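A.B. asks: got a predicted model here, sequence first, then my questions.
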There are 2 protein chains.
Amino acid sequence: MARWEPDARERMVVAAVDLFTEQGYDETTVAQIAERAGVTRSTFFRHFSDKREVLVAGQETLSTLLAEGIAQAPAGATALEAVAQGLRRASEVMGAANRERGPRIQAAVEASAELQERDALKSVGLAAAMHGALVERGVAETTAHLAAELGVLAFKIGFARWTEDPSVDVALADLAIIALDELRTTAASLT
Amino acid sequence: MARWEPDARERMVVAAVDLFTEQGYDETTVAQIAERAGVTRSTFFRHFSDKREVLVAGQETLSTLLAEGIAQAPAGATALEAVAQGLRRASEVMGAANRERGPRIQAAVEASAELQERDALKSVGLAAAMHGALVERGVAETTAHLAAELGVLAFKIGFARWTEDPSVDVALADLAIIALDELRTTAASLT
């Protein structure tokens, strides 16, 4: 564990990921997470509705940033160029702590049907945010839908590659945009 | 309500959709669904783990059929041609009852965050089934992923159009394949 002094919310995320890793998601209680993080149960519930929500913390921030990036793309940008701007914007908030715990969160999700479900919903939420921002730019419905799906997938692939080896000096934004480009090429080859 | 005499499972689905429509998903209990369907609570729980599962009944059958259709596509078929075969195969099991209750299920899902979540997971499950069947055919990972996503989307769009007006004499399979073709064109235009 790194020796930083994060705020209460961050401490709860760290505690939850550690406990899920040590003893499994099902066996971990909110009381244990709160105790490990040095907060009360009521503090926990001010931040999260249940233990499941801890692992998708940041979804709203990511959605907002993805949509912001898309909105701020130049007027002439294609749907995928706008998505790339969204990925750049969202990547800015992911720091060393996210990178370090990425694989452990992934392992916890893979071991729990309940978390897989929540994770799937998170993807749907991110796609909806991008879709909305694209439609707002005047992108046609189906194009917006597909571009948003590619965006979510690119972010996931990029994030997975980024967290594989935290010692490699590479930016998440660059990996996500490389993945988006791969997906674009694949989409073209489908037809 | 149509006057057919469906089996217990079908009766429970009908009862659940009716109750969700009449009084809302949150207000409906398993006991009420069982009573309306004329079965005991224990019969309900032999078929479904909770009330939420009633609305995604048939997911496993659909997954199996989508995968079967993909597996049975001719050896030279492209990924999307194989997906089209999956859509044809899965469409075969959707009958008049599915068509008639489609919009009410959609309304129940739209009104409940819990059901939206389960519905998102259903989509992930269907995509995973198609993805697996495509990889089995030797389709590359990313291509399989994208083709499966397009397949799920095509099935959803086709199903929504099919249920819009049950009096129109049109086959679900044809609508799903038209939607797949539209998505293919859109994917090409992204690049």
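C.D. replies: Done, it's in.
A.B. asks: all contacts plus neighbour counts: C-alpha atoms, from now on.
C.D. replies: Fine.
A.B. asks: flag the shaky bits of chain A, pLDDT-wise.
C.D. replies: A:1-6 (pLDDT under 70).
A.B. asks: residues from it in reach of chain B?
C.D. replies: Proximity of chain A to chain B, by CA under 8 Å from any CA of the partner chain, involves residues A:78-80, A:117-118, A:120-121, A:124, A:142-143, A:146-147, A:183-188, A:190-191.
A.B. asks: among these, name the buried ones.
C.D. replies: A:78-80, A:117-118, A:120-121, A:124, A:142-143, A:146-147, A:183-184, A:186-188, A:190 (16 or more other CA atoms under 10 Å in any protein chain shown).
A.B. asks: helix or strand: which one has the closest residue to chain B within chain A?
C.D. replies: Closest to chain B within chain A is A:Ala188: 5.1 Å, counting by CA to the nearest CA. Using DSSP states H and E, A:Ala188 falls within helix A:172-189.
A.B. asks: restrict that helix to CA atoms and write it as PDB.
C.D. replies: The C-alpha atoms that make up helix A:172-189 are tabulated as PDB, following Å, rounded to 0.1, in the frame of the first residue of the first chain:
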ATOM      1  CA  LEU A 172      -4.000   6.400 -20.500                       C
ATOM      2  CA  ALA A 173      -5.400   8.900 -23.100                       C
ATOM      3  CA  ASP A 174      -2.900   7.600 -25.700                       C
ATOM      4  CA  LEU A 175      -3.800   4.000 -25.100                       C
ATOM      5  CA  ALA A 176      -7.500   4.700 -25.200                       C
ATOM      6  CA  ILE A 177      -7.100   6.500 -28.500                       C
ATOM      7  CA  ILE A 178      -5.000   3.800 -30.000                       C
ATOM      8  CA  ALA A 179      -7.700   1.300 -29.000                       C
ATOM      9  CA  LEU A 180     -10.400   3.500 -30.600                       C
ATOM     10  CA  ASP A 181      -8.400   3.600 -33.800                       C
ATOM     11  CA  GLU A 182      -8.100  -0.200 -33.800                       C
ATOM     12  CA  LEU A 183     -11.800  -0.500 -33.300                       C
ATOM     13  CA  ARG A 184     -12.500   2.000 -36.100                       C
ATOM     14  CA  THR A 185     -10.400  -0.200 -38.400                       C
ATOM     15  CA  THR A 186     -12.200  -3.300 -37.300                       C
ATOM     16  CA  ALA A 187     -15.600  -1.700 -37.800                       C
ATOM     17  CA  ALA A 188     -14.500  -0.800 -41.400                       C
ATOM     18  CA  SER A 189     -13.400  -4.400 -42.000                       C
END
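A.B. asks: and it, what other elements does it pack with?
C.D. replies: helix A:79-91, helix A:141-164, helix B:141-164, helix B:172-189 (3 or more CA pairs under 8 Å, 6 or more residues apart in numbering or on different chains; DSSP states H and E).
A.B. asks: returning to that earlier point: my guess is the residue of chain A closest to chain B contacts B:Thr191. True?
C.D. replies: Yes: if you go by CA atoms under 8 Å, A:Ala188 and B:Thr191 touch, sitting 6.5 Å apart.
A.B. asks: okay, domains of chain A per the record?
C.D. replies: Domain ranges of chain A: A:1-54, A:57-189, per automatic domain parsing.
A.B. asks: adding distance to B:Phe48, write these out as TSV.
C.D. replies: Shown next, in TSV, are the domains of chain A (distance: least, CA to CA, whole Å):
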stretch	distance to B:Phe48
domain A:1-54	22
domain A:57-189	16
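A.B. asks: which of these sits most buried?
C.D. replies: Highest mean neighbour count of those: domain A:57-189, a mean of 19 (counted as mean count of other CA atoms under 10 Å in any protein chain shown).
A.B. asks: any idea which element A:Ala77 lies in?
C.D. replies: Counting by DSSP H and E, A:Ala77 is part of no helix or strand.
A.B. asks: and the host helix or strand of A:Glu35, what does it pack onto?
C.D. replies: Using DSSP H and E, A:Glu35 falls within helix A:30-37. In terms of contacts (3+ CA pairs under 8 Å, 6+ apart), helix A:30-37 is packed against helix A:8-23, helix A:41-47.
A.B. asks: present the ones you listed as JSON lines; the columns should include distance to A:Lys156.
C.D. replies: Listed next are those as JSON lines, based on distance: least, CA to CA, whole Å:
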{"stretch": "helix A:8-23", "distance to A:Lys156": "19"}
{"stretch": "helix A:41-47", "distance to A:Lys156": "25"}
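A.B. asks: contacting residues around stretch A:50-63?
C.D. replies: Contact partners of stretch A:50-63, identified using CA atoms under 8 Å, 6 or more residues apart in numbering or on different chains, comprise A:12-13, A:16-17, A:29-30, A:48, A:90, A:105, A:114-115, A:118-119, A:122, A:125-126, A:129-130.
A.B. asks: and A:Leu126, what is it in contact with?
C.D. replies: Residues counted as contacts of A:Leu126 (CA under 8 Å, 6+ apart) are A:59, A:62-63, A:66, A:152.
A.B. asks: could you redo the last one with a cut-off of 10 Å?
C.D. replies: Residues near A:Leu126 by CA atoms under 10 Å, 6 or more residues apart in numbering or on different chains: A:59-67, A:132, A:148-149, A:151-152.
A.B. asks: now A:Arg46
C.D. replies: Contacts of A:Arg46 by CA under 10 Å, 6+ apart are A:9, A:40.
A.B. asks: that one and B:Glu164: what is the separation?
C.D. replies: 43 Å (CA to CA, to the nearest Å).
A.B. asks: same deal with A:Val54?
C.D. replies: Going from A:Val54 to B:Glu164 by CA to CA gives 39 Å.
A.B. asks: what's the answer for A:Ala120, then?
C.D. replies: 27 Å.
A.B. asks: which one of the helices and strands packed on helix A:172-189 lies closest to B:Gly86?
C.D. replies: helix B:141-164 (8.4 Å; CA to CA).
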